[in-house]
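Chemist: can you look at this prediction? I've put the sequence above it.
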Amino acid sequence: MELLIQVLIAGITIGSIYSLIALGVVLIFKSSGVINFAQGSMVMVGAFITYALVVQFRLPILLSLPLTFVISGMMGMIVERFVLRYLSGASLISVIMVTMGISYILDGGALATWGSSNFTYPKLFPSFSIHLGGVKVSSVYLWSFLASMVLLVVFLLFFKYSKMGLSMRAAADNQKVAVVLGISARRVLSLTWIITSAVATAGGILLASISALHVNLSYIGLVVFPVVILGGLDSIAGAVVGGLIVGALEAIAGVYIAPYLGGAFQQVASFAFLLIILLIKPYGLLGTKEIERL
Amino acid sequence: MGPSNRQGWLYYLLFLMVFVLFPFSLFQYTKYILFLVNMTAIGVIGAQGLNILTGYTGLISLGQAGFMGVGAYTVAILGTKAGFPMWINLPAAGIITTLVGIIVGTPSLRLKGFYLAMSTLAAELLLEYVFKNWETMTHGVQGLFITPPHIFGVLINNDRVFYFLSVGLAALATIATRNLFRTRVGRAFIAIRDRDIAAELIGINVFKYKLVSFAISSFYAGVAGGLWCYYMTIINPEAFQLSISIDYVAMIIVGGMGTLFGSVYGAIFVVLLPEAIQRLMEILQPLLHMEYTFAAFKQIVFGIMIVIFLIFEPKGLSEIFSRLRNRISNRNRKEVNQNGSLSGSAKTNG
């Protein structure tokens, strides 16, 4: 029982970070219909930027965190301005492949700069541990869960109440009408990519704090897809639910199923689950069904 | 389009002559060049298969490498454990991969676009997991060794002999693809790609033909995988991971989706690009002194090439070539017209 609780706590913590990263994918899909395969690389690069600022340039943490978000936001803006803007209305496979190309560029850049070794991540949060129902929970998990939950709530409020958030939702809902109402579609798209990149960076920092930092962290970009499909591609609340489910599922699969099947079954468990979900509910748990007309 | 006149036969004859004489006409680096040609030929077969599915039927698959893996492991397991000869193993690889492809294609009954792409991604990752962990059959990450095959009593153990097998099969795959799109089935694929609802309205059984497309495509992939296995004589799961699937999608995008020769151009491009980068790196190595540069540089250049193609030439190399051909033939026609009018006026003067 204690093991199960421990496993669930670890799983849900990781899951909350997945939710955060998935939020970026959902945002981009909602506002432009683009599926972002570069999300994982943005997560990895964001984590590396923080590492470089804190460890290599020896900047204080309170200065380097905001600086990281500025840099990664600019990265998102550049990607939108110089690549995705030219592909508006392109076919799905073009969009998938162009974001895959961006992902290759980011991965290659990180590999050339930092090499393929493991880095221990600097301690960004004060450490302590608490006891929860007889189970010891280390502070990294608590901080990660708290940070991602706070960020998720901030985004939910941003989209519900702020003017910018509302205009982004309007543009996502119906771009033509939004433009008629005086919303700049370009600015909205640019902002979406900035936010996505910043959110990915936050996820990267949290993930790297829990485990270690390595260029392979970009694998997380694939794990995000079961999350967004579970929750439905166009639902922010769905991304949160999907993230928690996938996180818990992976943790449980890693402890209870992998020993019987061998290998790292937890890495593919969410994809096996994804296949089953797709067969039962083709548009995810909370997604809207696309209605096609001739 | 098809060469049915005497000129067409001339082209076939020329192609045949080049095909037969090529491996004997190389003076230097024979082994290396033939290696590249063989890898390209295997790539062409796989890319034709993916192009049938993605380029002509409009179903995005991120699982081509997984299918090739099924073919390769079929060949390896039948060859080593059952001791079957090549002429059984290679078709068997195609058939078993076809069955796997039909299973993976079944969700296409209800799924489309991104969701279908995701189900093929899931299939790819699950197949990769099976290759790594079904130790008794696949020997896990260590991989399987197989002995070079015999065909008609000839031992296929060097690049030159393999050349005839691989390029021959690649040509066969290309001709088969061309002929496929002259049949009812191939046209049904194109109708589904262009507008599936409209295709259903004119009486095409969309689900059936989607499955047929998955089946044909995975047959090609299985044969390509089987060939790869015979060529390498050792296989391990690393050769069939997701990045290889991405390579195949890149091939048909760079070459030209839904075009016959697009798969050929794309395979040549994607196979040769890393080699070109490596040669360049060898020249630059004294200047750079970096450990990971080759892998990193390869990734960066590959990414940039994909982005550039999608922004500037989304229809790929085959579009560029056909535009060039049009320009040349237009210029020729113009010259002919000018000459014609000149001679005409000369005649009236005389």
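Modeler: Sure thing, it's come through. Numbering: from 1, shown residues only, chains lettered A, B, ... in the order given.

Chemist: need the contact list for B:Met137.
Modeler: B:73, B:77 (Cβ atoms under 8 Å, 6 or more residues apart in numbering or on different chains). In this view, the C-beta of every residue, glycine as well, is placed from N, C-alpha and C.

Chemist: show me the strands in the stretch 101-250 of chain A, by range?
Modeler: A:129-132, A:135-138 (DSSP state E, counting those that start in this stretch).

Chemist: wait, which of those is closest to chain B?
Modeler: Proximity to chain B, assessed across those by Cβ to the nearest Cβ, is greatest for strand A:135-138 (29.9 Å).

Chemist: which elements pack onto that closest one?
Modeler: Judged by 3 or more Cβ pairs under 8 Å, 6 or more residues apart in numbering or on different chains; DSSP states H and E, strand A:135-138 is in contact with helix A:2-32, strand A:129-132.

Chemist: nearest to chain B, out of these?
Modeler: Proximity to chain B, assessed across the helices and strands packed on strand A:135-138 by Cβ to the nearest Cβ, is greatest for helix A:2-32 (8.6 Å).

Chemist: on that earlier part again, what's the closest of the strands of the stretch 101-250 of chain A to B:Phe27?
Modeler: Nearest to B:Phe27, of all those, is strand A:135-138, at 66.3 Å by Cβ to Cβ.

Chemist: buried ones in that closest one, by neighbour count?
Modeler: A:Val137 (16 or more other Cβ atoms under 10 Å in any protein chain shown).

Chemist: now do that strand, average pLDDT.
Modeler: For strand A:135-138, mean pLDDT rounds to 73.

Chemist: related to what we said a few turns ago, would you reformat the strands of the stretch 101-250 of chain A as TSV and include distance to B:Phe297?
Modeler: Putting the strands of the stretch 101-250 of chain A into TSV (distance: least, Cβ to Cβ, whole Å) gives the following:
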stretch	distance to B:Phe297
strand A:129-132	44
strand A:135-138	40
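
Chemist: quick revisit: looking at the helices and strands packed on strand A:135-138, spot the one closest to A:Lys289.
Modeler: helix A:2-32 (15.3 Å).

Chemist: how about the residue lying closest to A:Ile236 once chain neighbours are set aside, what does it touch?
Modeler: In space, and not counting its chain neighbours, A:Ile236 is closest to A:Val26: 5.8 Å by Cβ to Cβ, 6 or more residues apart in numbering or on different chains. By Cβ under 8 Å, 6+ apart, the contact list for A:Val26 reads A:228, A:231, A:233-236, A:238-239.

Chemist: still on that earlier bit, out of the helices and strands packed on strand A:135-138, deepest packed?
Modeler: helix A:2-32 (a mean of 23; mean count of other Cβ atoms under 10 Å in any protein chain shown).

Chemist: gap between it and the chain center?
Modeler: 8 Å (Cα atoms, centre = their mean, to the nearest Å).

Chemist: quick one: list the elements packing against the helix or strand that it is followed by.
Modeler: For helix A:2-32, the following helix or strand on the C-terminal side (DSSP states H and E) is helix A:39-51. For helix A:39-51, the elements it packs on are helix A:2-32, helix A:61-82, helix A:92-114, helix A:185-210, helix A:220-231, judged by 3+ Cβ pairs under 8 Å, 6+ apart.

Chemist: buried ones in the fourth one?
Modeler: So the one you mean is helix A:185-210. Result for helix A:185-210 [16+ other Cβ under 10 Å]: buried residues A:185, A:188-210.

Chemist: which of the contacts of A:Val26 fall in helices?
Modeler: A:228, A:231, A:236, A:238-239 (DSSP state H).

Chemist: which of those sits closest to chain B?
Modeler: When the ones in helices among the contacts of A:Val26 are compared against chain B (criterion: Cβ to the nearest Cβ), the nearest one is A:Val228, at 9.1 Å.

Chemist: count of residues packed around that closest one?
Modeler: Using other Cβ atoms under 10 Å in any protein chain shown, A:Val228 has 32 other residues around it.

Chemist: near chain B, which residues of the stretch 1-150 of chain A?
Modeler: Contact residues, the stretch 1-150 of chain A versus chain B (Cβ under 8 Å from any Cβ of the partner chain): A:35, A:83, A:86-87, A:90, A:92-94, A:96-98, A:100-109, A:111-112, A:115-116.

Chemist: in the stretch 151-300 of chain B, which spans are strands?
Modeler: B:154-155, B:234-235.

Chemist: averaged pLDDT, the last one. What do you get?
Modeler: Which is strand B:234-235. pLDDT averaged over strand B:234-235 gives 89.

Chemist: what does the first one give?
Modeler: Predicted confidence along strand B:154-155 averages 74 (mean pLDDT).

Chemist: residues contacting that strand, please?
Modeler: Contacts of strand B:154-155 (Cβ under 8 Å, 6+ apart): B:148-149, B:161.

Chemist: what about the residues you listed, which one has the most neighbours?
Modeler: The most crowded member of the contacts of strand B:154-155, judged by other Cβ under 10 Å, is B:Pro149 (22 neighbours).

Chemist: what's the burial count for B:Leu242?
Modeler: Neighbour tally, B:Leu242, other Cβ under 10 Å: 17.

Chemist: now do the residue lying closest to it once chain neighbours are set aside, the pLDDT please.
Modeler: Once flanking residues are discounted, B:Leu242 sits nearest to B:Glu124: 5.6 Å by Cβ to Cβ, 6+ apart. Listed pLDDT for B:Glu124 reads 95.

Chemist: residues in contact with B:Glu124?
Modeler: B:Glu124 neighbours (Cβ under 8 Å, 6+ apart): B:62-63, B:65-66, B:242, B:245.

Chemist: for B:Gly143, give me its contacts.
Modeler: B:234-237.

Chemist: also A:Leu230?
Modeler: Contacts of A:Leu230 (Cβ under 8 Å, 6+ apart): A:238, A:241-242, A:245-246, A:273-274, A:277, A:284-285.

Chemist: chain B: which of the residues you listed is nearest?
Modeler: Distances from chain B to the contacts of A:Leu230, taken by Cβ to the nearest Cβ, are shortest for A:Leu274, at 5.2 Å.

Chemist: just give the nearest non-adjacent residue to the closest one, would you?
Modeler: A:Pro226 (4.2 Å).

Chemist: now swap in B:Val271 and tell me
Modeler: B:Thr40 (4.6 Å).

Chemist: after whichever helix or strand the one you found is part of, which helix or strand is next?
Modeler: Element membership for B:Thr40 (DSSP H and E) is helix B:30-50. Downstream of helix B:30-50, the first helix or strand assigned by DSSP H and E is helix B:64-77.

Chemist: right, is that following helix up against chain A?
Modeler: No. With Cβ under 8 Å from any Cβ as the criterion, chain A is not reached by helix B:64-77; the gap is at least 11.8 Å.

Chemist: that helix packs against which elements?
Modeler: helix B:30-50, helix B:86-105, helix B:113-133, helix B:135-138, strand B:144-145, helix B:206-232, strand B:234-235, helix B:242-255.

Chemist: so the third one versus helix A:92-114, what angle?
Modeler: Put plainly, it is helix B:113-133. 50 degrees (axes from the mean of the first three to the mean of the last three Cα atoms, to 10 degrees).

Chemist: can I get helix B:113-133 in PDB, CA atoms only?
Modeler: Written as PDB, here are the backbone C-alpha positions of helix B:113-133 (Å, rounded to 0.1, in the frame of the first residue of the first chain):
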ATOM      1  CA  GLY B 113      -5.500  13.000 -39.900                       C
ATOM      2  CA  PHE B 114      -3.600  13.700 -36.700                       C
ATOM      3  CA  TYR B 115      -5.400  11.000 -34.700                       C
ATOM      4  CA  LEU B 116      -4.400   8.300 -37.300                       C
ATOM      5  CA  ALA B 117      -0.900   9.600 -37.400                       C
ATOM      6  CA  MET B 118      -0.800   9.200 -33.600                       C
ATOM      7  CA  SER B 119      -2.100   5.600 -33.800                       C
ATOM      8  CA  THR B 120       0.800   4.800 -36.200                       C
ATOM      9  CA  LEU B 121       3.200   6.500 -33.900                       C
ATOM     10  CA  ALA B 122       1.900   4.300 -31.100                       C
ATOM     11  CA  ALA B 123       2.400   1.300 -33.300                       C
ATOM     12  CA  GLU B 124       5.900   2.300 -34.100                       C
ATOM     13  CA  LEU B 125       6.900   2.700 -30.500                       C
ATOM     14  CA  LEU B 126       5.200  -0.600 -29.500                       C
ATOM     15  CA  LEU B 127       6.900  -2.500 -32.300                       C
ATOM     16  CA  GLU B 128      10.200  -1.000 -31.200                       C
ATOM     17  CA  TYR B 129       9.500  -2.200 -27.700                       C
ATOM     18  CA  VAL B 130       8.700  -5.700 -29.000                       C
ATOM     19  CA  PHE B 131      12.000  -5.800 -31.000                       C
ATOM     20  CA  LYS B 132      13.900  -4.800 -27.900                       C
ATOM     21  CA  ASN B 133      12.200  -7.100 -25.400                       C
END
